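Undergrad: from the sequence below, what's the structure:
(chains A and B)
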Amino acid sequence: GAVVSQHPSWVICKSGTSVKIECRSLDFQATTMFWYRQFPKQSLMLMATSNEGSKATYEQGVEKDKFLINHASLTLSTLTVTSAHPEDSSFYICSARAPELVWDTQYFGPGTRLTVL
Amino acid sequence: GENVEQHPSTLSVQEGDSAVIKCTYSDSASNYFPWYKQELGKRPQLIIDIRSNVGEKKDQRIAVTLNKTAKHFSLHITETQPEDSAVYFCAAPKTGSARQLTFGSGTQLTVLP
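TA: Numbers count the residues shown, from 1 in each chain, chains lettered A, B, ... in the order given. Below is the predicted model:
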């Protein structure tokens, strides 16, 4: 149980275009999902917290108009990187909480490698 | 906010030896401390966690100890194997949030055959 998927696993796009990344909880309902960004050889940096049916909460320094988050259902959250630039190239990972399983634990998706040319 | 310090940044051990990674945290109200293992290009995977009502937890070759007074917790891996080579991250709840985690900077563990 507690499987989280992400799609796509990797994407290459041109500068100025938008990219959508999906995060799904496959066998549980996730009231809260998190989006992280990880640069090479660095730690996971929380970008935003996504709550089903309400607006996402963004961390300081993360532009909410650039990184659009939608949590439309209890099993799906999407992150859209708008007007992508090369500096947005990174590994984007989502995680989900399943309070009905284990209150605190976050289960991670496999990540999406974004390369902006 | 919560500050999580992790040491060392790199650790090399001989196969069969033990490895210890330490983390300190700043928020005395923190009550949940997970450890994640991340292989190159893969997702972080929870390997063990501990809650503040216990001082130690074991799962086969892996153990975590917690010292609430000193505000530090440690990951212990015994009888290390080459497949234990990975980056390990500790985490603690973000101050003021029961849901968000702050991650340590990571430890690259290399187990030499």
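Undergrad: in the lowest-mean-pLDDT helix or strand in chain A, which residues are buried?
TA: Counting by mean pLDDT, DSSP states H and E, chain A has its least confident helix or strand at strand A:102-108, which shows a mean of 80. Under the neighbour-count criterion of 16 or more other C-beta atoms under 10 Å in any protein chain shown, strand A:102-108 has A:104-108 buried. Heads up, the C-betas are built off the backbone N, CA and C, glycines and all.
Undergrad: can you give me the strands in the chain?
TA: Answering for chain A, as no chain was given. Per DSSP state E, chain A carries strands over the ranges A:4-7, A:10-13, A:19-25, A:32-38, A:45-51, A:57-58, A:67-73, A:76-81, A:90-98, A:102-108, A:112-116.
Undergrad: try chain B instead
TA: With DSSP E, the ranges of strands along chain B come out as B:4-7, B:10-14, B:19-25, B:32-38, B:45-51, B:56-59, B:62-67, B:72-77, B:86-93, B:101-103, B:107-112.
Undergrad: the shortest one and chain A in contact?
TA: Yes - on the criterion C-beta under 8 Å from any C-beta of the partner chain, strand B:101-103 is in touch with chain A at B:101-103.
Undergrad: kindly report the same for the second one.
TA: No - in this structure, strand B:10-14 remains apart from chain A according to C-beta under 8 Å from any C-beta; the gap is never smaller than 10.5 Å.
Undergrad: other SSEs contacting that strand?
TA: If you count contacts as 3 or more C-beta pairs under 8 Å, 6 or more residues apart in numbering or on different chains; DSSP states H and E, strand B:10-14 packs onto strand B:19-25, strand B:107-112.
Undergrad: returning to what we had before: intersect the buried residues of strand A:102-108 with the contacts of chain B.
TA: A:104-108.
Undergrad: rewinding a little: any chance of a markdown table for the strands of chain B, columns mean pLDDT and mean neighbour count?
TA: Formatted as a markdown table, the strands of chain B follow (pLDDT from 0 to 100; neighbours: other C-beta atoms under 10 Å in any protein chain shown):
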| stretch | mean pLDDT | mean neighbour count |
| --- | --- | --- |
| strand B:4-7 | 96 | 18 |
| strand B:10-14 | 98 | 13 |
| strand B:19-25 | 97 | 20 |
| strand B:32-38 | 95 | 22 |
| strand B:45-51 | 94 | 17 |
| strand B:56-59 | 95 | 12 |
| strand B:62-67 | 97 | 18 |
| strand B:72-77 | 97 | 22 |
| strand B:86-93 | 96 | 24 |
| strand B:101-103 | 93 | 24 |
| strand B:107-112 | 98 | 17 |
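Undergrad: is stretch B:36-54 anywhere near chain A?
TA: Yes - on the criterion C-beta under 8 Å from any C-beta, stretch B:36-54 is in touch with chain A at B:36, B:41-46, B:49, B:51.
Undergrad: give me the contacts around that stretch.
TA: A:44, A:91, A:93, A:104-111, A:113, B:30-35, B:56-57, B:59, B:62-66, B:68, B:73, B:75, B:86-91, B:103, B:106 (C-beta atoms under 8 Å, 6 or more residues apart in numbering or on different chains).
Undergrad: thinking again about what came up before, out of the ones next to chain B among the buried residues of strand A:102-108, which is nearest to A:R24?
TA: A:Y107 (11.5 Å; C-beta to C-beta).
Undergrad: OK, contacts around that closest one?
TA: Counting by C-beta under 8 Å, 6+ apart, A:Y107 has contacts A:2-4, A:25, A:95-98, B:46.
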